[in-house]
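Visitor: Need a 3D model of the following:
(2 chains, ligands or ions: 3)
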Amino acid sequence: MAQMKFMCDAERCIECNGCVTACKNANDVEWGIQRRRVVTLNDGEADEMSISVACMHCDDAPCMAVCPTDCFYKTDDGIVLHDKDLCIGCGYCLYACPFGAPQFPQQDAFGERGKMDKCTFCAGGPAESKEEEYEKYGSNRIAEGKLPLCAEMCSTKALLAGDAQDVADIFRQRVVHRGHKDGAWSNNPQASADNLAYDAAHKG
Amino acid sequence: MNLLTAQASGGVPRSGKGLALGIWRFMLVAFALVLSLGFTQVALAQADPDREMNTAAPGITADQWRQVRSGETGPNYRDSRYESDYSLINASGETWRQIRNRWVSPFGLIAVFGMAALIALFYFIVGRKELEAPRTGRLLLRWTLMKRALHWTVATLFIILALTGMTLLFGKFVFRPLFGDGIWAWMIAATKVLHNYLGPIFGILLVILLVSLIKDNIPKKHDWVWFKKGGGMIGKKHVDAGFANGGEKAWYWLLATVGILVVASGFVLDFPNFDQGRDTMQWANIIHAVGALGLTAVSLGHIYIGTLGTEGALEGMTTGYVDETWAKEHHNLWYEEVKDQTLSEQEVAARKSSGGSSEPSATRTS
Ligand code: HEM
Ligand code: SF4
Ligand code: SF4
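Guide: Residues are numbered from 1 along each chain as shown, chains lettered A, B, ... in the order given. Ligands and ions are numbered 1, 2, ... in the order given. Alright, predicted model coming up:
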């Protein structure tokens, strides 16, 4: 079974927001909701860095653990999806999520937020018909054998999507060629090119 | 070949503003290339990681990931999302999850059900506290209609909030497997609506109730004795109590402190329209849940003492009147003050039929 993961290679991201636009286009999400965002640190400075984030489909997903309705589930491919029919818009998933992925169409008094929306890894969600699925969750490209549109359209291939092993292998290859002393990961003293694939596949 | 791949994987300029830099870099690389071509062919064939690092875009360093982890969003932080200033990483999310799921949730359950079990045990071993002397049939006004109405409204709302709140925390373990998604979806949605709309009403009424009862609940010296004697359970003697005894005052002050904290944090959670951030919500949730579960556990004791546990106590809060004997045995200091105001059942009935709410309020001090 595949373990689907995103990875954004921050040394390649040029903050073009192509992924953001691709996602909007693929999933036709509600006005005001933007499942993917690009964050730039130290904009305009020498150590400027950009990274594209959306739901990272965590292995041990915090959103799943705190949801009062238990409306999340994990597909066989490791994709974290949720059922909008069960969601009550309590906001807990947002409080817990490490990446600020869950979003709400409203934010009104008495905790009225509407149904939570987040990246589905272009894998749709639970629904009776294809139309209903598209309406609620956007496209289901995974069912068509395609990867998420954001990664497919990334101009610099900074954003990678796919099985964790493949993503890790591609990144590992890049790192080897870049010759980065700590493998472009953290300054983890143990990080070496050889166990990067392991790290990426097992630690998310 | 190596150089080519290295170029393709490492040399992409990183941002619009880095573009000028990128061009510079490109020229540098081109220059280096020409230079090295001039020197030797061998150097070209072997990509030198050190040189590659010197010429490529500066790598992402540990400092940058540390900055990400710190959640810092300085003036040069950009987020392409509409109206979003969320940091890249929500560093406290996992802490909140662990506190809520690992501590608040199981220990809350233990507190509430443990309390229920203790009370049941107490009831089976010690039993109900009956009146020691026979009733005299003379009645004393204890709770005016206004206060009874306020008490029961607040109590009803409290129970609804406790049940719906516990459903938010524990419902998914019980009702979802029990009823299936169809009913569960409806149930949890109703739970949230009830909790979020009744909560503020409860909060306002609780404050009114607390204000209207404060005079009876100022702590006195004899309340301390009351506690030392376990409310009369230690030693055979009666212990002094005014209108409210030590235990009732403790419940009052618990509501006036923890209750207010629960209400305040509830308001924070309930009105996200003021744009409070995730961190505020995490704190509010923990304070709210801990306070609420604690109150729920203690409220079981209050409910037990007021109903099953003590003969004659519930009458006061339903009819408004208590028997003279009950007053003497449970609130002797208050009884001493009001003992000349006793009424016969007929007089009480007459008063009630002529508009019970205009009764003179029960005298109270201490
Ligand atoms: C002014 C009064 C109150 C307000 C405004 C209020 C509001 C809230 C809100 C907004 C939530 C988050 C749930 C959601 O949005 O879906 C919540 C959760 C909760 N409330 Fe209240 N509440 C109030 C009083 C109470 C009382 C009196 C109790 C119990 C006796 C209580 C027990 C709980 C519990 C146990 C939770 C669940 C916490 C969790 O899931 O982590 N609340 N409340
Ligand atoms: S919504 Fe957040 S917590 Fe849930 S899987 Fe996605 S990234 Fe993880
Ligand atoms: S907002 Fe919806 S999905 Fe998120 S925790 Fe609440 S019920 Fe679950």
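
Visitor: Distance check, B:R81 against chain A.
Guide: Taking CB to the nearest CB, to the nearest Å as the measure, B:R81 falls 4 Å from chain A. No exception for glycine: its C-beta is placed from N, CA and C like everyone else's.

Visitor: what number of residues lie near that residue?
Guide: Around B:R81 sit 20 other residues, with neighbours defined as other CB atoms under 10 Å in any protein chain shown.

Visitor: And the helix or strand containing A:R174, what's buried?
Guide: Element membership for A:R174, per DSSP states H and E: helix A:164-178. For helix A:164-178, a neighbour-count test (16 or more other CB atoms under 10 Å in any protein chain shown) marks A:164, A:166-172, A:174-178 as buried.

Visitor: Could you dump these into CSV and include pLDDT?
Guide: Rendered in CSV, the data for the buried residues of helix A:164-178 read as follows (pLDDT from 0 to 100):
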residue, pLDDT
A:A164, 95
A:D166, 94
A:V167, 95
A:A168, 93
A:D169, 91
A:I170, 92
A:F171, 89
A:R172, 86
A:R174, 84
A:V175, 79
A:V176, 76
A:H177, 74
A:R178, 72
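
Visitor: Specify which member of these is nearest to ligand 2.
Guide: Comparing the buried residues of helix A:164-178 against ligand 2 with CB to the nearest ligand atom picks out A:A164 as the nearest, at 14.0 Å.

Visitor: List the contacts of B:R69.
Guide: Applying CB atoms under 8 Å, 6 or more residues apart in numbering or on different chains, we find B:R69 in contact with B:89, B:91.

Visitor: before we move on, what SS does it have?
Guide: Assigned state for B:R69: helix (three-state reduction, DSSP: H, G, I helix; E, B strand; the rest coil).

Visitor: what's the answer for A:Y95, then?
Guide: Per three-state DSSP, the local secondary structure of A:Y95 is helix.

Visitor: right, and it touches B:A284 too?
Guide: No - if you go by CB atoms under 8 Å, A:Y95 and B:A284 don't touch, sitting 9.6 Å apart.

Visitor: okay, those two: which has more neighbours?
Guide: Using other CB under 10 Å, the more surrounded residue of A:Y95 and B:A284 is A:Y95, with 26 against 19.

Visitor: So that one versus A:A61, what's the distance?
Guide: When CB to CB, to the nearest Å is applied, the distance between A:Y95 and A:A61 equals 14 Å.

Visitor: Please apply the same query to A:E144.
Guide: Counting by CB to CB, the gap between A:E144 and A:A61 amounts to 25 Å.

Visitor: And those two? Which one has more around it.
Guide: Using other CB under 10 Å as the criterion, A:E144 and A:A61 rank with A:A61 on top: 22 against 8.

Visitor: Need the pLDDT of that one.
Guide: Looking at A:A61, its pLDDT stands at 97.

Visitor: and it, what does it touch?
Guide: Applying CB under 8 Å, 6+ apart, the residues near A:A61 are A:72, A:74, A:80.

Visitor: Among those residues, name the ones in strands.
Guide: In this view, these that belong to strands under DSSP state E are A:72, A:74, A:80.

Visitor: Just give the nearest non-adjacent residue to the second one, would you?
Guide: Once flanking residues are discounted, A:K74 sits nearest to A:V80: 5.6 Å by CB to CB, 6 or more residues apart in numbering or on different chains.

Visitor: Surely the one you found touches A:A65?
Guide: No - A:V80 is not in contact with A:A65 according to CB under 8 Å; the separation is 11.2 Å.

Visitor: Look at those two and report which has more neighbours.
Guide: Higher neighbour count among A:V80 and A:A65: A:V80, with 24 against 19, using other CB under 10 Å.

Visitor: pLDDT wise, what is that one at?
Guide: Reported pLDDT at A:V80 in the predicted model: 98.

Visitor: For A:M116, see how far away it is.
Guide: If you measure A:V80 against A:M116 using CB to CB, the figure is 12 Å.

Visitor: and A:A2, what element?
Guide: Taking DSSP H and E as the criterion, A:A2 maps to no regular element, lying outside all helices and strands.

Visitor: show me the contacts for it.
Guide: With contacts defined as CB under 8 Å, 6+ apart, A:A2 is in contact with A:77-78, A:162-164.

Visitor: try 7 Å
Guide: For A:A2, the contact set (CB atoms under 7 Å, 6 or more residues apart in numbering or on different chains) comprises A:77-78, A:163.

Visitor: Of these, just the buried ones, PyMOL syntax please.
Guide: The following PyMOL line selects those of these that are buried, judged by 16+ other CB under 10 Å:
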select buried, chain A and resi 78+163
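
Visitor: What is the nearest of the contacts of A:A2 to ligand 2?
Guide: A:G78 (9.9 Å).

Visitor: ok, the closest residue to the closest one other than its chain neighbours - how many residues close by?
Guide: Distance criterion CB to CB, 6+ apart; nearest residue to A:G78, sequence neighbours excluded, is A:Q3 at 4.1 Å. Using other CB under 10 Å, the number of residues around A:Q3 comes to 18.

Visitor: Tell me, how many residues neighbour B:L178?
Guide: Quick note: B:L178 (other CB under 10 Å) scores 10 neighbours.

Visitor: And it, how far from B:M187?
Guide: Taken as CB to CB, the span from B:L178 to B:M187 is 10 Å.

Visitor: which neighbours do these two share?
Guide: Counting by CB under 7 Å, 6+ apart, nothing touches both B:L178 and B:M187.

Visitor: dump the residue contacts of B:D279.
Guide: Under the criterion of CB under 7 Å, 6+ apart, the neighbours of B:D279 are B:S92.

Visitor: secondary structure class for it?
Guide: Following three-state DSSP, the label given to B:D279 is helix.

Visitor: The one 4 residues further on too?
Guide: At B:W283, secondary structure determined by three-state DSSP is helix.

Visitor: contacting residues around the closest residue to chain A within the stretch 151-300 of chain B?
Guide: For the stretch 151-300 of chain B and chain A, the shortest gap (CB to the nearest CB) falls at B:K172, measuring 3.9 Å. Residues in contact with B:K172 (CB under 7 Å, 6+ apart) are A:68-70.

Visitor: Shouldn't it be within a helix?
Guide: Yes - according to three-state DSSP, the state of B:K172 is that of a helix.

Visitor: How many residues are close by residue 64?
Guide: Picking chain A for this. Other residues near A:M64 come to 18 when the count uses other CB under 10 Å.

Visitor: oops, I was thinking of chain B
Guide: For B:Q64, the number of neighbouring residues by other CB under 10 Å comes to 19.

Visitor: Before we move on, what's the pLDDT of it?
Guide: According to the predicted model, the pLDDT of B:Q64 comes to 85.

Visitor: Could you tell me which residues within the helix or strand containing it count as buried?
Guide: Here B:Q64 is covered by helix B:62-70, with elements defined by DSSP H and E. Of the residues in helix B:62-70, those with enough neighbours to count as buried (16+ other CB under 10 Å) are B:64-65, B:67-68.

Visitor: before we move on, the earlier item: let's have the contacts of B:K172 in a markdown table, adding secondary structure.
Guide: Formatted as a markdown table, the entries for those read as follows, by three-state DSSP:
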| residue | secondary structure |
| --- | --- |
| A:P68 | coil |
| A:T69 | coil |
| A:D70 | coil |
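
Visitor: Many thanks, have a good one.
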